[in-house]
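S.K.: Following is a predicted model, sequence given first.
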Amino acid sequence: MTSAIDVRDITKIYNPNSNQPVKALDNVSLTIDDNEFFTLLGPSGCGKTTLLRLIAGFEAVSGGEIMLFDDEIENLEPNRRPVNTVFQHYALFPHMTVAANVAFGLERLKKPREEIEATVERVLTLVKMKHLADRHPNQLSGGQQQRVALARALAPSPKVLLLDEPLSALDLKLRQAMREELKQLQKETGITFVFVTHDQEEALAMSDRIAVMSDGEVQQIGGPTDIYEHPVNRFVADFIGDTNFMDGEIVGFNDDLVTCRIGTQSMFEAENSGAHKIGDQVTLFLRPEKITLSAVDDASAADTRPGKVANIVYLGNQAAYTVDMGDGIELIAQARPREDGKLPFTLGDPLAVEFSARALRVLAQ
Amino acid sequence: MSDWLPKSAAGKRWLGLAPSYFVIGIFMLVPMIIMGVFSFLEPNPYGGVKPVGSFAAYVKIFFEYDLEDQLVFNPGYINIIFRSFQLSFGATLLCLVFGFPVAYYITLQPENRRNFYIYLVTIPFWTNLLIRTFAWIIILGRGGVIETPLLATGIIEKSLRMMYTDGAIAIGLTYSYLPLMVLPIYASLEKLDFRLLEAASDLYANRFEVMTKVVIPLCKPGIIAGCLLVFIPCLGAFIAPNLLGGGKKLMLGSLVQFQFASARNWPFGAALSMLLLSAVVIVLIFYARAAKNRAAMEGSA
Amino acid sequence: MSDQMHQAAANKGKKMLPVGHYRGLGAWTIVFFIFLYLPIVVLVFYSFNANRMVMNWGGFGIDWYLKAFQNDDIQKAVWNSLIVATAATIFSTAIATIGALVLARGGNFRGKTVSLGLITLPLMVPEIVTAVAVLIFFSAIGMNWGLGNVIIAHITFCIPFAFMPIRARLEGMDTSMEQAARDLYASEWETFRYVTVPLLMPGIVAGAMLAFVISMDDFIITLMVGGAGSTTLPVYIYSMIRRGLTPEINAVCTVLLFVSIAIVTAYWVVSKKSQTDTVH
């Protein structure tokens, strides 16, 4: 499989000659496949937007190489790179109509007039904005501007489309609708999308693969389920979804499971994920949805643990329960409201807490 | 405490504006009207006017009386007017070409340094124009700063005679009003969203096209304002043409002043002033039109 | 490989400039500032010329400063300039302040645009035309108050210069401050006195300084409107230049230059400070 973008040992340092140089990217390498929806995910300041801007060419790299379909591009000016960007706040030219904005790139590429007109019409139709072609950007709503920005970046048929948090300025409903559309658009056009976001839900919903970044480094690259179910470290596990962490020590092995001591005497079995030995300090992690809560009297299975409701946060379609497991351990778990809308447990209720050892994973500390 | 203030909002409003209306109305608007009237009167040889209606002042711009008392076309004044426009236009162009890159460069700097640059641009502007223009005599003049070393080293053999030329006037005018070009252009560039430049280069615009297709169209209001601020005072300039043109190369401003100081032909001076004023009004009308079209074209948010 | 890629090969090795940057801009700016400051440097330099002729360098000396300070005519001219500029500053700033308050805070009303046009009228009209009009006006009504005529003319054309920074300041000011004052039981007058004016002060100071410098700098209007006895410094300098060039002019000009620079620097510091103080 050809790689669309191959980032090799990229470093970016801001103000390198000042007394406060800032290292935004530290030796980052990653490969983005052709026709892939690839997401750079991380908190603000993690370097994801910097990486996108280096690929687009708005800033020069401090070191390393960027390959675009096997061509080296890191020293090219942005107008010589066959990639296009959808900007966070759209950056639509206020002095041009929608159609002129969309035609801009094609005109720079000296395409024939007829082809430009046809392409503008095609991409505006694609994003359902054809009827507003003669408007100026400041006469459009946020969602409409977003579509125009998308059309403008798609019009020159870039080899890779770069999207810099394009949905962040939209309200919730529109954002969710646009997720579907973007994903759809990527499949239709067959163009590689590189999408930057800090919203993990967005990343999970849209991406083929995700690179989780933090402090200028890539923490993990993988498919959405991979990242969610098998995070390589505490940062990734914590950043993606809600998580229970328990710090403890490995005290024994049992086939492919490890036994850990948490708190003073609580023992938990967990799936091993790496070379650990007895005495290692580790973190166990457990997704809340993997925990089943039930009332004590109808608990039949023997492998449940006792707990007590310590706090309840009502979220509408479910409730998040903080369960006191004793020995200083607290777990977050979920339960759905009953059909009459009442919550199944109230504060102080004793609970039977059940989860499989396969759901518990060991992370290196 | 505020009993003496009018109660209604409209009353307060007009009370607040009254002093401005009074001063500018009486000492600016009314004088200009009187000036208009004077331009249609006959001159009094000892200064002032005789209360007799006449178009003589306007006729004098184009014609003179020959020995047989016949009106013949006299291009003298027309030439001066034409030269004034030419020099003003040239100086405006020089200011634009010289000033735009500087305004742009300042915009690229970090914010605290930008302010310092702007401060540096304004300092000469607030020092006496007469003095600064006089300094150009020392620079350009015979035995001045430019000539002396060139003569001494034998690069040139005799004086370049830079003073008292159109070139000297153009330099003086450019120098006088350069900050007035830089400041409005800077003000509009400062508001420019630099992400638009990135978007343009992302869409295959080269550096030249980024400038011509995005930067210049978006800071056009600043460029136009700068050109107006330079062009209008250039038209009526007195100091630069007088000191650097040596009184031989007259411009409109000097010609007007001459009518009051020496020639004692007030109606002619008033007529020339009216001409100057109408030129300014025409330029401003074009400007207002352009601004209105722009606003209509870009729509409102 | 695409076309763009081929060009890339040619460009390889050359470090790209960030978007929006152009080569040579810095050098151009340096030339610009040399052009702007060369006359000033030359002027100051020649003020220390010991020779009688400006153009001929005769060694270093401060004789011309001493001469200039002992010159009664120069002292009289400086005095006149200061009187005119002070009077023009006080009146034009006061008039401009209340005008700006109405235009920036009075809401939309009929005649707003016209009022704005009228106040900025002296900016639009070439100075020579203003000079002619005012000269004709004073002579037509037979008003001959000497320096008084000059002061009135200066007040008139200084109004827009004082007006602009004050209005800019007002428009940048958040009305919520005034609303908060009213909410806390301040009367309209108290709100104005204790909230609006203190917040507006940097704008008023800036406007006043601008008016002062503009008035001190004015030449053509004073030349035409002022009679004998109302010679201001610029008018006196003009007559010196016409009579013949001695370094005494340079000395006077240098002193004037540094006074101007001091005022502009003070203005700059005040406006910078006020930005950090109150506008967030």
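M.R.: That came in fine, so what should we check first? Numbering: from 1, shown residues only, chains lettered A, B, ... in the order given.
S.K.: Now for the closest residue to chain C within the stretch 101-250 of chain B: which residues touch it?
M.R.: Distances from the stretch 101-250 of chain B to chain C, computed as Cβ to the nearest Cβ, single out residue B:236 as the nearest residue at 2.9 Å. Backbone N, C-alpha and C define where each C-beta goes, glycine included. By Cβ atoms under 8 Å, 6 or more residues apart in numbering or on different chains, the contact set of residue B:236 is B:252-253, B:256, B:276, C:126-129.
S.K.: likewise residue C:151?
M.R.: C:83-84, C:87-88.
S.K.: try residue A:37
M.R.: For residue A:37, the contacting residues are A:183, A:186, A:193, A:195, A:206-209, taking Cβ under 8 Å, 6+ apart as the criterion.
S.K.: Select only the buried ones of these in PyMOL?
M.R.: A single PyMOL command selects the buried members of the contacts of residue A:37 (16 or more other Cβ atoms under 10 Å in any protein chain shown):
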select buried, chain A and resi 183+186+193+195+206+207+208+209
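S.K.: Just the contacts of residue A:37: which are in strands?
M.R.: Counting by DSSP state E, those place A:193, A:195, A:209 in strands.
S.K.: To what extent is residue B:285 buried, counted in neighbours?
M.R.: Residue crowding around residue B:285 was assessed by other Cβ atoms under 10 Å in any protein chain shown; the count is 10.
S.K.: Now it: which helix or strand?
M.R.: In this assignment (DSSP states H and E), residue B:285 forms part of helix B:266-298.
S.K.: in that helix, what's buried?
M.R.: For helix B:266-298, the buried set under the neighbour-count rule, 16+ other Cβ under 10 Å, comprises B:266-277, B:279-280, B:283, B:298.
S.K.: for the residue lying closest to residue B:83 once chain neighbours are set aside, what are its contacts?
M.R.: Using Cβ to Cβ, 6 or more residues apart in numbering or on different chains and skipping the chain neighbours, the partner closest in space to residue B:83 is residue B:251 (6.5 Å). Residue B:251 makes contact with B:80, B:83-84, B:87, B:169, B:237-238, B:241, B:245, according to Cβ under 8 Å, 6+ apart.
S.K.: what about the residue of chain C found nearest chain B, distance to residue B:25?
M.R.: Of the residues in chain C, the one nearest chain B is residue C:126, at a distance of 2.9 Å by Cβ to the nearest Cβ. Distance of residue C:126 to residue B:25, computed by Cβ to Cβ, to the nearest Å: 19 Å.
S.K.: before we move on, what about residue B:206?
M.R.: Applying Cβ to Cβ, one obtains 54 Å for the distance of residue B:206 from residue B:25.
S.K.: And for residue A:108?
M.R.: If you go by Cβ to Cβ, the gap between residue A:108 and residue B:25 works out to 54 Å.
S.K.: So if I had to pick from the two, which one is more boxed in?
M.R.: Per other Cβ under 10 Å, whichever of residue A:108 and residue B:25 has more neighbours is residue A:108, with 19 against 14.
S.K.: Pretty sure that one sits against residue A:80.
M.R.: No - with contacts counted by Cβ atoms under 8 Å, residue A:108 stays clear of residue A:80, the gap being 10.9 Å.
S.K.: and for the two, which residues touch both?
M.R.: Overlap between the contact sets of residue A:108 and residue A:80, as judged by Cβ under 8 Å, 6+ apart, is given by residue B:204.
S.K.: Quick check: chain neighbours aside, which residue is closest to the residue of the stretch 101-250 of chain B closest to chain C?
M.R.: Using Cβ to Cβ, 6+ apart and skipping the chain neighbours, the partner closest in space to residue B:236 is residue C:126 (2.9 Å).
S.K.: Can you tell me the number of residues neighbouring that neighbour?
M.R.: When neighbours are defined as other Cβ under 10 Å, residue C:126 has 24 of them.
S.K.: Pull the distance from the longest helix along chain A to the chain's centre.
M.R.: Among the segments of chain A that qualify as a helix by DSSP state H, the longest is helix A:172-189. Relative to its chain's centre, helix A:172-189 lies at 15 Å (Cα atoms, centre = their mean, to the nearest Å).
S.K.: Stretch A:137-144 now?
M.R.: For stretch A:137-144, the separation from the chain centroid amounts to 27 Å (computed by Cα atoms, centre = their mean).
S.K.: In helices, which of the contacts of residue B:251 fall?
M.R.: Among the contacts of residue B:251, the ones falling in helices (DSSP H) are B:80, B:83-84, B:87, B:169, B:241.
S.K.: Farthest-apart pair in the residues you listed, please.
M.R.: B:80 and B:169 (12.3 Å; Cβ to Cβ).
S.K.: out of these two, which sits in the busier spot?
M.R.: When residue B:80 and residue B:169 are compared on other Cβ under 10 Å, the one with more neighbours turns out to be residue B:169, at 25 against 18.
S.K.: All the helices of the chain, residue numbers only.
M.R.: All of this is about chain A. A:48-56, A:98-108, A:113-126, A:142-154, A:172-189, A:200-206, A:224-229, A:234-239.
S.K.: if you could check chain C rather than the one you did, that'd help
M.R.: Defined through DSSP H, the helices belonging to chain C, from first to last, are C:3-11, C:25-46, C:63-70, C:72-105, C:112-124, C:127-140, C:147-172, C:175-183, C:188-191, C:197-217, C:220-225, C:233-243, C:247-278.
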